[in-house]
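**Q** The amino acid sequence is not available; the structure is as follows:
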């Protein structure tokens, strides 16, 4: 309301982050493998922290969307490093449990975000949900600087810049069409053109990744049933969960009249289950394998 944001602006505030994060995540992993996972983790953390400060200081919807995109860039650099750092830090017999705890802490943030975020929005203003990242980022940077050891991949991987350009362009065109169609109409020439462009670029991306010796997303991985199944499940969960958080939040506050904190509490049953289940799933997978869980 303070930024005079439209529904499209609200979607871009979320998708600006997710689009940058999704587009650059694979590249962030390659950069960490080549030039050091600790170095990329710290770089991503610094970018994310500074972008969070910028988000809180934003005076317009466009500025907030831009800094959200920059947050996504930082997250794409630091997130691959977290799993790689776990992999090189923990021996194989403890790795599943460590990843389960990593997922559990992520789930804890998922539960605290809507509730704690709703509370501080209600009592201290929307900017504080971004400002709270700044001291956390500074402390995390200092701890990681001192305690994480540097590691690189034994296999040198080259950057797939054509794949990055095709994939990012295709995702952006598709996202633009899906968001702006509600304002402009599905028969609008720009929307139809964006959908066609998205189809062309994404098909070209798949063709390039199939032929490129340095593909950032090797399509041969998808011949492994467990890999394909895991990705399909993760895609479905994210597709549903992001939709739920955006539109149910708007429904609860704009239609039902709940405060931000009351809305956050009503998300708690869903997110709390993730906190409870993730560490248990990691422990069970370590004992009997991942198939049944």
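**A** The structure has been received and is ready for your questions. These numbers were taken from a predicted model, which means no experiment stands behind them.

**Q** so residue 104 makes contact with residue 281?
**A** No - under the criterion of CB atoms under 8 Å, residue 104 makes no contact with residue 281, lying 9.1 Å away. In short, each C-beta sits where N, CA and C put it, glycine included.

**Q** So for the helix of greatest length in the chain, what gets flagged as buried?
**A** Ordering each helix of the chain by length in residues (DSSP state H) puts helix 92-124 first. Judged by neighbour count using 16 or more other CB atoms under 10 Å, the buried positions of helix 92-124 are 95-100, 102-104, 107, 110-111, 114-115, 117-121.

**Q** next one: stretch 32-50
**A** Within stretch 32-50, the residues that count as buried by 16+ other CB under 10 Å are 32-34, 36-50.

**Q** what does stretch 157-176 give?
**A** 160, 162-164, 166-176.

**Q** taking those residues one by one, which sit in helices?
**A** Going by DSSP H, the helices hold 162-164, 166-176 from the buried residues of stretch 157-176.

**Q** okay if I get those residues as JSON lines plus pLDDT and distance to residue 146?
**A** As requested, those are exported to JSON lines (pLDDT from 0 to 100; distance: CB to CB, whole Å):
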{"residue": "162", "pLDDT": "91", "distance to residue 146": "39"}
{"residue": "163", "pLDDT": "89", "distance to residue 146": "36"}
{"residue": "164", "pLDDT": "88", "distance to residue 146": "33"}
{"residue": "166", "pLDDT": "92", "distance to residue 146": "40"}
{"residue": "167", "pLDDT": "90", "distance to residue 146": "36"}
{"residue": "168", "pLDDT": "89", "distance to residue 146": "35"}
{"residue": "169", "pLDDT": "92", "distance to residue 146": "40"}
{"residue": "170", "pLDDT": "92", "distance to residue 146": "41"}
{"residue": "171", "pLDDT": "90", "distance to residue 146": "37"}
{"residue": "172", "pLDDT": "90", "distance to residue 146": "38"}
{"residue": "173", "pLDDT": "92", "distance to residue 146": "43"}
{"residue": "174", "pLDDT": "91", "distance to residue 146": "42"}
{"residue": "175", "pLDDT": "89", "distance to residue 146": "39"}
{"residue": "176", "pLDDT": "89", "distance to residue 146": "43"}
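
**Q** which residues sit against the host helix or strand of residue 51?
**A** Using DSSP states H and E, residue 51 sits within helix 37-56. By CB atoms under 8 Å, 6 or more residues apart in numbering, the residues outside helix 37-56 that reach it are 28, 31-32, 63-64, 67-68, 70-71, 73-82, 84-85, 88, 127-128, 130-131, 133-134, 137-138, 140-141, 144-145, 148-152.

**Q** ChimeraX command for the buried members of the residues you listed?
**A** With 16+ other CB under 10 Å as the burial test, the buried ones among the contacts of helix 37-56 are selected in ChimeraX as follows:
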select :28,31,32,64,67,68,70,71,73,74,75,76,77,78,79,80,81,82,84,85,127,130,131,133,137,140,144,148,151,152
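
**Q** need the ones in helices among the buried residues of stretch 157-176 in CSV with distance to residue 190, can you?
**A** Below are those laid out as CSV (distance: CB to CB, whole Å):
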residue, distance to residue 190
162, 26
163, 26
164, 24
166, 21
167, 21
168, 19
169, 16
170, 16
171, 17
172, 14
173, 10
174, 13
175, 14
176, 9
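
**Q** Going by distance to residue 235, which of these wins?
**A** Residue 235 lies nearest to residue 171 out of these, by CB to CB, at 13.1 Å.

**Q** list the contacts for that closest one?
**A** Neighbours of residue 171 in contact, by CB under 8 Å, 6+ apart: 19, 22-23, 198, 202.

**Q** now with 7 Å?
**A** By CB atoms under 7 Å, 6 or more residues apart in numbering, residue 171 lies in contact with 19, 22-23.
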